[in-house]
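Asks: need coordinates for the following:
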Amino acid sequence: MKQLLQRWMKSAARILGVVWKPLLGLAVFGMVVTMGYRWLSLQAKASAESVPAAQGWRYLGEGAVEATEVNLSSKIPGRIASLSVDEGDPVRQGEVIAVLESEEISAKVRQAQAGLQATDAQMEQARLAVELEALRTEDQVRQAKAALEAARAKWEMAQNGARPEEIRQAEQAVEAARAQFMVAQKTWNRLEALAKEGVIPQQKADEAEGAFLAAQAQLQAAEAKLQLIRDAVRKEEKQAAWAGLKAAEANLQLAEHARMQVELRKRDIDALRAKQLANWAQVEEAQAYLKQTLLRAPADGVVSRKMAEAGETVAAGMPILTIAQQGQWWVEVFVDESVAGGIQRGDSVQVEFPSLGKRVEAKVTRILPAADFATKRATNERGSFDSRSLQLRVEWKEPVQGLVKGMTARVYARKERK
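Replies: Model (predicted):
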């Protein structure tokens, strides 16, 4: 039993030796790294505090450079066809920096344009048809009115008989109608020939044709009236004259109804005009979507973050890039109240960028108490209190070549004159 106990103790000692030696080495290494880091930090702070001291400036603190950022996103979903910038690249407002694939949207634009063209063609065709129908109905109305007058005259003659003065008046009416007919016929022949040659619109020839047909109807009516006056009126002709009068009245009513139908067809043109406006709206909407495939920089600045790459599909509103706006830079530092004494809002300070080796003039824009922590603790409880920190926000607008959000910035204030 005693030998077994001795063996167990020896084994335990060997195990402890194997385990504690690495742990002890790690502990020593951690202490060395920590002490080295603190020594380097103190050396950097001492360097930062000592170098500007000879130039009339005192060190306040350091922080990370901040900037006003805007996200670039697409209003429409799609696949990124090209992305021409990387993080740290400068951009100008309005510059195209990303392009989305646009085949589908381009197809929609063409489809909308085709619909608009079809509606335009329908509207033009309907307009021409209505104009032609209006000319025809007007001719029909004039012819129906002339026929009605002839029928009415025939009926009156059938009732009253003819007198010599009526015959003379009828003959004069025939001569006048024949002269008007000849003029209308010549005018129509001349305009029809010019229309076929393309010198004048066809509409002018159609109007001349209508005038010719009206003159022809008037001549025929005048000749018929003269013939009736010359012929002896029999009793059986009275019935025929009465029937002709009623037929002429019916024809005139039909012509007037056709004129009303033309007015109704004009309303169809109004409906097509509304459809045309809707097609225009569709074309403009599709073209607006097509413009959204070109993503432009919203402001001058530097690309601070890149959240997508070419070839990726993005949703509407999904940020693709973040741009730090040029001319809107600041840094926030926490300064011991004993060091920040006398500093006021609006005071001029200097900001140094160690990695760039540059300095700019800046202004203190905000001073807030940082009450969350103290930079120094009281050493006794009686008559003493903690030394608090103040949060200073320092802004500048001067452009700094190579400056990127997140860089270290050191803030210096002028030494107080004693």
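Asks: use CA for all of it now, contacts and neighbours both
Replies: OK.
Asks: quick one: strands adjacent to the helix or strand harbouring residue 304?
Replies: According to DSSP states H and E, residue 304 maps onto strand 301-306. Strand 301-306 pairs in its sheet with strand 90-91 (antiparallel), strand 319-336 (antiparallel), by DSSP bridges.
Asks: need the contact list for residue 93.
Replies: Applying CA atoms under 8 Å, 6 or more residues apart in numbering to residue 93 gives the contacts 296-300.
Asks: that one looks like it's in a helix, true?
Replies: No - under the criterion used here (DSSP: H, G, I helix; E, B strand; the rest coil), residue 93 is coil, not part of a helix.
Asks: and it, how far is that from residue 306?
Replies: 17 Å (CA to CA, to the nearest Å).
Asks: could I get the phi/psi values of residue 341?
Replies: phi -60, psi 130 (degrees, to the nearest 10).
Asks: what number of residues lie near it?
Replies: Using other CA atoms under 10 Å, residue 341 has 11 other residues around it.
Asks: can you check the one 10 residues further on too?
Replies: One way to gauge burial is a neighbour count; for residue 351, by other CA under 10 Å, it gives 23.
Asks: who does it form a beta bridge with?
Replies: Beta-bridge partners of residue 351, as defined by DSSP bridges: residue 360, residue 411.
Asks: contact partners for it?
Replies: By CA under 8 Å, 6+ apart, the neighbours of residue 351 are 359-362, 409-412.
Asks: would you write a PyMOL line that selects the buried entries of the residues you listed?
Replies: Filtering those down to the buried ones (16 or more other CA atoms under 10 Å) takes a single PyMOL command:
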select buried, resi 362+409+410+411+412
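Asks: and the residue nearest to the spatial centre of the chain, what helix or strand is that in?
Replies: The residue lying closest to the centre of the chain (CA atoms, centre = their mean) is residue 288, at 4.1 Å. Residue 288 belongs to helix 235-291 when assigned by DSSP H and E.
Asks: among the contacts of residue 93, which ones are in strands?
Replies: Using DSSP state E, residue 296 are the members of these that sit in strands.
Asks: by neighbour count, which of the contacts of residue 93 wins?
Replies: Neighbour-wise, the contacts of residue 93 (other CA under 10 Å) top out at residue 297, 23 neighbours.
Asks: from what I can see that one touches residue 74, true?
Replies: No - in terms of CA atoms under 8 Å, residue 297 does not count as a neighbour of residue 74; the distance is 11.5 Å.
Asks: ok now the one helix or strand residue 132 maps to, how far from the chain's centre?
Replies: Taking DSSP H and E as the definition, residue 132 sits inside helix 103-160. Here the centre of helix 103-160 is set off from its chain's centre by 40 Å, with CA atoms, centre = their mean, to the nearest Å.
Asks: what angle do helix 103-160 and the next helix or strand after it make with each other?
Replies: For helix 103-160, the succeeding helix or strand toward the C-terminus, using DSSP H and E, is helix 164-196. Interaxial angle, helix 164-196 versus helix 103-160 (axes from the mean of the first three to the mean of the last three CA atoms, to 10 degrees): 160 degrees.
Asks: by contact count, what packs against the helix or strand that comes right after helix 164-196?
Replies: Downstream of helix 164-196, the next assigned helix or strand under DSSP H and E is helix 202-230. Helix 202-230 sits against helix 103-160, helix 164-196, with contacts defined as 3 or more CA pairs under 8 Å, 6 or more residues apart in numbering; DSSP states H and E.
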